[in-house]
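[1] Okay, sequence plus prediction incoming.
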Amino acid sequence: MTADLTPLWISLKTAGLATVATFFTGIAAAYWMLGYRGRWKSVIEGVFVSPLILPPTVVGFLLLLLFGKNGPLGQLMAQFNFTVIFTWYAAVITATVVAFPLMYKTALGAFEQVDASLLQVAQTLGASKQRIFLRVLLPLSVPGILAGTTLAFARALGEFGATLMLAGNIPGQTQTVPMAIYFAVEAGDMQEAWLWVIVIMTISLSGIIAVNLWQKQYQQRLKGRQGFVESDDPVDRGGKSRESSSLQQWMTSQFSSSQEGLVVDIQKQLANFTLDTTFAAKQETLGILGGSGSGKSMTLRCIAGVETPTSGRIVLNGQTLFDAEQGINLPSHQRKVSLVFQNYALFPHMSIAQNIGFGLQKLPKALRSQRVKQQLALVQLQGLGDRFPHQLSGGQQQRIALARALATEPEALLLDEPFSALDTYLRSQMERQLVETLATYPGVTLFVTHNLDEAYRVCENLIVMSGGKPIAFDTKHHIFERPRTARVAQLTGCKNFSRAVAVGANLVKALDWGITVQVVEAIPDDLADIGIRAHQISIMPNLDPSQTNTVPCWLASTSETPHRMTLFLKFNSAPTGLQDYQVQAEIFKEKWQAIKDQPFPWYVQFDPLRLILMVD
């Protein structure tokens, strides 16, 4: 006997048309409600979602009153000798009504997730509301809208109660798959019922699974396009654009046989970035310095267990937190590691005392309260335990985040640019407070920053990262005074570089500067670059024959800060434009006032002790 497939075709037809209708009406309603601020918003919202919460028979009854022969729409259609009751049009109407709330709420949620600043900047660029919707809001909401469309289709496909009230169960005309299942069971034909159950489950689940897979791939593609990865930026050699010399990995891992401290040797492969870092730290504050996208924060997240490395090993005080070969990956709450995020991530619905005590749930209430008071005293915020995060200043929030992290007595404290969200005038005060707090902390502290001054003041030892790899690991004094490569020097604030070759026992020719200078430091065999920091260049209005490494120079342009002047200088001849310079020199304004009216050429003197020799 050939199976009657008309219920399937009727279901697909009604669900498809209902999905098309809800797609446009749901998006339109969501967009309207996104900007609506009237006092009737709650009432309108309730009407829109009511088919989702009302019993289907109630929805069908209301539709019957509306489209029946005595209903307002029924009487209107009767004038044209037309009715929808007990027709497949009624099935489309009921499926549209019950599926609309899913499309509406999902689209509204997707719209609300879009950063409002993106819409505002589009307005400032002269875009109309229609163009902003089509070019900005709608494309960014595609995953949510697609999910809503799928849910609406599945809901329309499975509609039963309202359809039965308005369209009836007429085989070949209004009988959908859900009705066929119901009446097959009522007639005792379980084989037919099972057939339709399998069909409708296959269709609905296949659609949902397909959308989920697409969304996963979409997010991966989106991250691949938008993800920022630090590059080895060309080193500025006196205004000349030339690719930096390749960076030789010279950092030697300092693993210790001691069971104390943190040992990290991990690799993490992402779509457009590879983290490959190795270092060790004892009970100290170790700074991790690098540009944006260099892998600093990702390193902390891997240590904390928020991210999982692809391979490698992490050991803290003799306990293995992660080991890819042995299959060890302790969850974050078992690692005894605290991470302070850049935005502090304070729980907005909890008081300050509740925030600090959140990780102390295993302690008795009295001891927990005592620990919270101790932490508030440690960060000098006594008496603020009953306040909420929004009632605190940025500096106070930073201290609360630190107190919360320390309250659990972690063995490792990870600080991810803790001062980045603070105003400039607060940073100095917060730095001193942090240094004072860390002085009594017995564990390992990793301090991530891209601010040179912060790293120098807070940390004794530094790791410099670039492109996901550590390129320097030493004391802060050695890294700043004698950076080994041009990239390390650049990341530590050096602005003047030139390709260099040795021309004598203590003579180096700076190719990009067009001069030869005397040096004190031993010239390495693989010399690649020479550099000097801007504030270590001496400028004289007149030639002093007693000074070595003295070169005539002309001023190309200047840049002013409240207390200093940056001078862009060219050697041996006058510049042809503002960008025709070879080095930058920083001087105090008092010095600038003394030399600015002196005739050219001025003279630059390079102290041999300050010249930095770097390898390839």
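    Structure's in. What do you need? From a predicted model like this one, the values you see are computed outputs, not experimental measurements. Residues are numbered from 1 along each chain as shown.

[2] what comes up buried for stretch 78-87?
    84, 85, 87 (16 or more other CB atoms under 10 Å). (Glycine included, C-beta is placed from N, CA and C.)

[3] Same question for stretch 428-448.
    Judged by neighbour count using 16+ other CB under 10 Å, the buried positions of stretch 428-448 are 430-431, 433-434, 437-438, 441, 443-448.

[4] Next step: the buried residues of stretch 78-87 restricted to helices.
    Secondary structure assignment (DSSP state H) places none of the buried residues of stretch 78-87 within helices.

[5] Including distance to residue 213, could these go into a markdown table?
    Formatted as a markdown table, the buried residues of stretch 78-87 follow (distance: CB to CB, whole Å):
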| residue | distance to residue 213 |
| --- | --- |
| 84 | 38 |
| 85 | 41 |
| 87 | 37 |
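
[6] So among the residues you listed, where is pLDDT lowest?
    pLDDT across the buried residues of stretch 78-87 is at its lowest for residue 84, which sits at 84.

[7] so what's the backbone phi/psi at it?
    With angles defined as degrees, to the nearest 10, residue 84 sits at phi -110, psi -10.

[8] For it, give its distance to residue 54.
    Using CB to CB, to the nearest Å, residue 84 is found at 20 Å from residue 54.

[9] again with residue 386
    Distance from residue 386 to residue 54, by CB to CB: 43 Å.

[10] Among those two, which residue is more densely surrounded?
    residue 54 (15 against 10; other CB atoms under 10 Å).

[11] Just list the residues touching the more buried one, thanks.
    Residue 54 makes no contacts at all, as judged by CB atoms under 8 Å, 6 or more residues apart in numbering.

[12] Which SSE is immediately downstream of the worst-scoring helix or strand of the chain on mean pLDDT?
    Ranking every helix and strand in the chain by mean pLDDT, DSSP states H and E puts strand 240-241 at the bottom, with a mean of 46. Toward the C-terminal end, the helix or strand that comes next after strand 240-241 (DSSP states H and E) is strand 262-269.

[13] contacts for that following strand?
    Outside strand 262-269, the residues that reach it (CB under 8 Å, 6+ apart) are 253, 255-256, 274-282, 298-299, 302-303, 307-317, 322, 412, 444, 446.

[14] Just the buried ones among those residues, please.
    Applying 16+ other CB under 10 Å to the contacts of strand 262-269 flags 275-281, 298-299, 302-303, 307, 309, 312-317, 322, 412, 444, 446 as buried.

[15] Just the ones of those residues in helices?
    298, 299, 302, 303.

[16] residue boundaries of the helices in the stretch 101-250 of the chain?
    116-124, 129-132, 138-140, 142-157, 161-166, 177-186, 190-226 (DSSP state H, counting those that start in this stretch).

[17] And the buried residues of stretch 78-87, which is closest to residue 332?
    Lowest distance from residue 332 to these (CB to CB) belongs to residue 84, with 57.6 Å.

[18] Strand partners (parallel or antiparallel) of the strand with the most length in the chain?
    When the chain is parsed with DSSP state E, its longest strand is strand 550-560. Paired with strand 550-560 in the same sheet, following DSSP bridges, are strand 564-571 (antiparallel), strand 602-606 (antiparallel).

[19] Make a markdown table from those and add distance to residue 537, mean neighbour count and mean pLDDT to it.
    Converted to a markdown table, the strands paired with strand 550-560 look like this (distance: least, CB to CB, whole Å; neighbours: other CB atoms under 10 Å; pLDDT from 0 to 100):
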| stretch | distance to residue 537 | mean neighbour count | mean pLDDT |
| --- | --- | --- | --- |
| strand 564-571 | 8 | 20 | 95 |
| strand 602-606 | 6 | 20 | 95 |
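
[20] May I see those organised as CSV, with distance to residue 96 added?
    Below are the strands paired with strand 550-560 laid out as CSV (distance: least, CB to CB, whole Å):
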stretch, distance to residue 96
strand 564-571, 67
strand 602-606, 79
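
[21] Okay, strands next: where are they in the stretch 501-616 of the chain?
    Taking DSSP state E, counting those that start in this stretch as the test, the strands found in the stretch 501-616 of the chain are 507-510, 515-518, 527-532, 537-540, 550-560, 564-571, 583-588, 602-606, 612-615.

[22] Please identify the deepest-packed of these.
    strand 527-532 (a mean of 23; mean count of other CB atoms under 10 Å).

[23] in its sheet, what does it sit against?
    Pairing partners of strand 527-532, with direction, according to DSSP bridges: strand 496-502 (antiparallel), strand 612-615 (antiparallel).
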